[in-house]
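> here are the coordinates; sequence isn't available:
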Ligand SMILES: N[C@@H](CCC[C@H](N)C(=O)O)C(=O)O
């Protein structure tokens with residue numbers, strides 16, 4: 001079986017195309033292949049499948065074997081793969097996701113290859129029970145949460161997958177490894193959660209570090225960057241267009257007032273191809 005390794009700002013994926021459906025043991029396969037010591041190593045295993053509703057379908061399995069509803073960096077990688085590998089010659093495509101519907105993608109092609117990708121990530125979900133959290137409120141903004149005697153305040157946003165955004169003094173040096181795993185499995189989050197620690201630098205620029213559900217600390221998270229921008233607007237901290245700066249690089253995020261959709265623009269890169277026994 002052939003695979004291709006791609007990444008979006010260092011959030012890396014093993015991409016498999018050409019299959020009709022997910023294998024039955026895809027959770028075990030993801031755990032084995034994503035292992036950085038005994039496998040290929042990646043944050044997730046991504047399948048590009050045929051779709052009845054869109055040009056392509058994407059499924060993403062986290063490195064712990066759990067399936068995610070959506071992945072912003074993976075959708076950029078999938079978009080680059082299908083164009084660069086000539087599965088399409090269109091620079092405007094649609095990709096079906098498990099939890100965020102069909103997404104419209106614009107490809108920026110330079111010298112015959114996709115350099116950056118702009119994705120319509122759809123409308124954010126803000127109703128507390130729908131994110132899901134255990135808080136039954138229309139919006140969960142700056143809500144208290146206690147972990148090991150420390151109180152944080154979070155804003156809940158679903159981009160198809162669940163996120164909680166927490167503002168801290170210094171996101172870049174924040175101790176992700178201590179607080180991330182505890183918040184990920186907090187009882188307030190029935191399907192677990194992706195945790196973003198953010199520091200707003202000015203109305204157009206935010207530092208963010210992420211602890212991902214099912215994958216731990218990653219260099220970047222596309223849906224997490226979208227959730228951070230939405231949260232920052234809800235908290236009155238940034239404008240509706242801003243750069244979210246991650247460990248692996250920057251994403252440009254817009255939350256459009258007219259259609260309520262969030263748009264994400266960023267790069268995707270292919271690293272290598274290989275064959276699995
Ligand atoms: N890295 C991703 C999100 C991947 C899924 C996430 N870990 C989850 O379980 O929801 C992104 O770029 O959005």
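Great, that's in hand. What you are looking at is a predicted structure, and each value in this text was computed from that prediction instead of being measured.

> Please count neighbours and contacts with C-alpha atoms only from this point.
Fine.

> and stretch 215-227, average pLDDT?
When pLDDT is averaged along stretch 215-227, the result is 98.

> Between the two ends of that stretch, what distance do you get?
18 Å (CA to CA, to the nearest Å).

> Spell out whether that stretch and the ligand are in contact.
Yes: contact between stretch 215-227 and the ligand, assessed by CA under 6 Å from any ligand atom, occurs at 215, 221-224.

> any idea which of those has the most stuff around it?
Comparing these by number of neighbours (other CA atoms under 10 Å), residue 224 comes first, having 32 neighbours.

> and it, what are its phi and psi?
phi -70, psi -40 (degrees, to the nearest 10).

> Show me what residue 118 bridges to in the sheet.
Applying DSSP bridges to residue 118 gives these bridge partners: residue 106, residue 265.

> how much space between it and the ligand?
13 Å (CA to the nearest ligand atom, to the nearest Å).

> Residue 252 now?
From residue 252 to the ligand the distance is 13 Å (CA to the nearest ligand atom).

> Tell me which helix or strand the closest residue in space to that residue that isn't next to it in sequence sits in.
The shortest distance from residue 252 to any non-neighbouring residue, by CA to CA, 6 or more residues apart in numbering, is to residue 243 (4.5 Å). Using DSSP states H and E, residue 243 maps to strand 241-246.

> Please apply the same query to residue 31.
Going by DSSP H and E, residue 31 is part of helix 26-34.

> Give the buried residues for that helix.
For helix 26-34, a neighbour-count test (16 or more other CA atoms under 10 Å) marks 26-27, 29-34 as buried.

> Pipe those into CSV and attach distance to residue 158 and pLDDT per row.
Output for the buried residues of helix 26-34, formatted as CSV (distance: CA to CA, whole Å; pLDDT from 0 to 100):
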residue, distance to residue 158, pLDDT
26, 25, 98
27, 23, 98
29, 27, 97
30, 24, 98
31, 25, 98
32, 29, 97
33, 28, 98
34, 25, 98
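
> and the stretch 51-200 of the chain, which residues reach the ligand?
Residues of the stretch 51-200 of the chain lying near the ligand (CA under 6 Å from any ligand atom): 62, 68, 71-73, 161.

> hang on, the earlier thing: for residue 135, state which of the residues of stretch 215-227 next to the ligand is nearest.
residue 224 (20.0 Å; CA to CA).

> list the contacts for the closest one?
163, 194-196, 210 (CA atoms under 8 Å, 6 or more residues apart in numbering).

> Return the members of those classed as buried.
Using 16+ other CA under 10 Å, the buried ones in the contacts of residue 224 are 163, 194-196, 210.

> Identify, from those, the entry nearest to residue 237.
residue 196 (15.4 Å).

> if we look at the sheet, which residues does that closest one bridge to?
residue 165, residue 210.

> so it touches residue 165, yeah?
Yes: the pair residue 196 / residue 165 is scored as a contact, 4.7 Å apart, by CA atoms under 8 Å.

> Tell me the residues that contact both of these two, please.
residue 228.

> ok, residue 99 - how many residues close by?
Residue 99: 14 neighbours (other CA under 10 Å).

> Would you mind confirming that it makes contact with residue 70?
Yes: between residue 99 and residue 70 there is a contact at 5.9 Å, judged by CA under 8 Å.
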